[in-house]
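**Student:** Prediction below, plus the sequence it came from.
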Amino acid sequence: MIKRRSLLALTGLDLLTSAVLAACSPKGGRASADATGSQFLDALHVHTPTTLAYAAPMTSFGTYGYLDALVGEVTKDNWASVDVLKSLLLNGETDLAAVPSYVPANLFSKGVDVRLLAIQVWGMQYVIGPVGSAEQGLEALRGKTVGVPMPGNMPDLIFRYLLGQKGWNVDTDLTIQSYTDGQEALGALLTGTVEYCVLPEHPASMSLARAQQQGKSLERTVNLQEVWASVTGGEARFPMAGLAMPTALADRSDLVGAILSELEAAVDDVNAMSEETVDAISSVNEVPADVVKEVIPRLQLQIVSGADAKDELEDFYTRLATLNPDIIGGSLPAGDLYISDPR
């Protein structure tokens, strides 16, 4: 059975404390042993943000049968902010949480019993601006005010890092206007408060659709994944976000393998974009089907275990740490952070 609830009403600041995760299954997810001695979870509590990068695969997560022998039900909640996410991890209230990739590194370095299961999202950040601005690329932003959501978090960090690597002074070459979340930034763009805005998917695609409805013309001015490739000399992708779980569950190879298989099946279905899958995602997440089709190819969804993604993650962490080492807890985390694929 799958249950879905919402944490959108939760708020809170400065929730990162020295507390650690409980050294057992999270609250509400009590485990019992079956006849073979295997641990059976009454429930697997999953927490994700509302962006389609996670909402899309989670629409069908838990339906493929890989978890049936190990889990009674899968419950799905949304976290409303990174502070709420950190609280869930610190208080042992989640079994599997979608996370910006630097969050488990930060918490692990502070002694929290959390592990990085896999990377799922490989970059989906864009600058949205007026039609015609794409021809100039980044230069279109010079001297302009750019809305950026989630100060100090992933959209802000990536944007500032790339500008710095391109030789920009973020204090004088443009004005960064910070917004709490993507929806607030999107609202500022559509009302004309800012002319440009950094947005992840699916808010980036929603901005284009809503602007068209209002008779406005916007486009993707900059693909930040392509800028990343030009800066690093690598691929047009980066390990943006993944899934974390408490150590007590990460030590169970049977459960880890089952979750990875379930995630891969869900991501494969999303990437295949069958009409049935698109309609289900549209219905559950209240996003128009045409927007879902537009968004999916840009989500860059691929399940790569934490251990297999380690090299790319360490490169990513090292680059982000040039902005602020505290982002990853002061130094690169030990290898124990990264969960290996046991299958």
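**Tutor:** Cool, the structure landed.
**Student:** now the helix ranked longest in the chain: mean pLDDT?
**Tutor:** Ranked by residue count, the top helix of the chain under DSSP state H comes out as helix 253-272. For helix 253-272, the mean per-residue pLDDT is 97.
**Student:** Any buried residues in it, and which?
**Tutor:** Neighbour-count burial for helix 253-272, with 16 or more other Cβ atoms under 10 Å as criterion, is recorded at 255-256, 258-267, 269-271. All C-beta atoms are positioned from the backbone trio N, CA, C, and that covers glycine.
**Student:** ok, of these, which one's closest to Gln177?
**Tutor:** Val270 (32.7 Å; Cβ to Cβ).
**Student:** Where does pLDDT dip in the chain?
**Tutor:** 1-38 (pLDDT under 70).
**Student:** What helices and strands are in contact with the longest helix of the chain?
**Tutor:** With contacts defined as 3 or more Cβ pairs under 8 Å, 6 or more residues apart in numbering; DSSP states H and E, helix 253-272 has these neighbours: strand 39-48, helix 52-58, strand 114-121, helix 247-250, helix 275-285, strand 301-305.
**Student:** change it to 7 Å
**Tutor:** helix 52-58, strand 114-121, strand 301-305 (3 or more Cβ pairs under 7 Å, 6 or more residues apart in numbering; DSSP states H and E).
**Student:** can you redo these as CSV with mean neighbour count?
**Tutor:** Below are those laid out as CSV (neighbours: other Cβ atoms under 10 Å):
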stretch, mean neighbour count
helix 52-58, 26
strand 114-121, 26
strand 301-305, 20
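**Student:** Would you reformat the ones you listed as CSV and include distance to Pro288?
**Tutor:** As requested, the helices and strands packed on helix 253-272 are exported to CSV (distance: least, Cβ to Cβ, whole Å):
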stretch, distance to Pro288
helix 52-58, 12
strand 114-121, 21
strand 301-305, 20
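**Student:** To Gly182, which of these lies closest?
**Tutor:** If we rank the helices and strands packed on helix 253-272 by Cβ to Cβ, the stretch that ends up nearest is helix 52-58, at 11.5 Å.
**Student:** Let's verify Ala211: helix, strand, or coil?
**Tutor:** Secondary structure of Ala211, reduced to three states by DSSP: H, G, I helix; E, B strand; the rest coil: helix.
**Student:** just Phe108 next, same as before
**Tutor:** Secondary structure, three-state DSSP: Phe108 is helix.
**Student:** Check the spacing between it and Gly335 real quick.
**Tutor:** Counting by Cβ to Cβ, to the nearest Å, the gap from Phe108 to Gly335 is 11 Å.
**Student:** Looking only at neighbour counts, state which of the two leads.
**Tutor:** Counting neighbours by other Cβ atoms under 10 Å for Phe108 and for Gly335 shows that Phe108 has the greater number, 22 against 10.
**Student:** First residue to last residue on stretch 281-301, what's the distance there?
**Tutor:** 15 Å (Cα to Cα, to the nearest Å).
**Student:** Stretch 265-281 too?
**Tutor:** Span of stretch 265-281 from end to end, Cα to Cα: 15 Å.
**Student:** Quick one: residues in contact with it.
**Tutor:** Contacting residues not belonging to stretch 265-281 are listed as 56-57, 59-61, 64, 120, 289, 292-293, 296, 301-303 [Cβ atoms under 7 Å, 6 or more residues apart in numbering].
**Student:** what are the bridge partners for the residue positioned nearest the centre of the chain, then?
**Tutor:** Residue closest to the average C-alpha location in the chain (Cα atoms, centre = their mean): Ala241, at 4.0 Å. Counting by DSSP bridges, Ala241 forms beta bridges with Pro100, Val121.
**Student:** and it, what does it touch?
**Tutor:** Ala241 neighbours (Cβ under 7 Å, 6+ apart): 53, 98-101, 120-121.
**Student:** just to revisit the earlier point, between which two of the contacts of stretch 265-281 is the distance greatest?
**Tutor:** Largest separation among the contacts of stretch 265-281 by Cβ to Cβ: Ala289 and Ile303, giving 24.4 Å.
**Student:** Can you show me the strands along the stretch 51-200 of the chain?
**Tutor:** 71-78, 96-100, 114-121, 125-130, 145-149, 175-179, 196-200 (DSSP state E, counting those that start in this stretch).
**Student:** if we can go back for a sec, quick one: closest of the helices and strands packed on helix 253-272 to Gln183.
**Tutor:** Closest among those, using Cβ to Cβ: helix 52-58, at 13.6 Å.
**Student:** Packing partners of the closest one?
**Tutor:** When contacts are defined as 3+ Cβ pairs under 7 Å, 6+ apart, helix 52-58 packs onto strand 39-48, helix 253-272, helix 275-285.
**Student:** ok, residues contacting that helix?
**Tutor:** Counting by Cβ under 7 Å, 6+ apart, 46, 48, 76, 98, 121, 124, 201-202, 241, 263, 266-267, 270, 281, 285, 287, 292, 295-296, 299, 301 sit against helix 52-58.
**Student:** Please list all residues in contact with the nearest residue to Gly330 once chain neighbours are set aside.
**Tutor:** Leaving aside its chain neighbours, Gly330 sits nearest to Ser109 (6.2 Å; criterion: Cβ to Cβ, 6 or more residues apart in numbering). Counting by Cβ under 7 Å, 6+ apart, Ser109 touches 328-331, 333.
**Student:** Right, I'll call it a day here.
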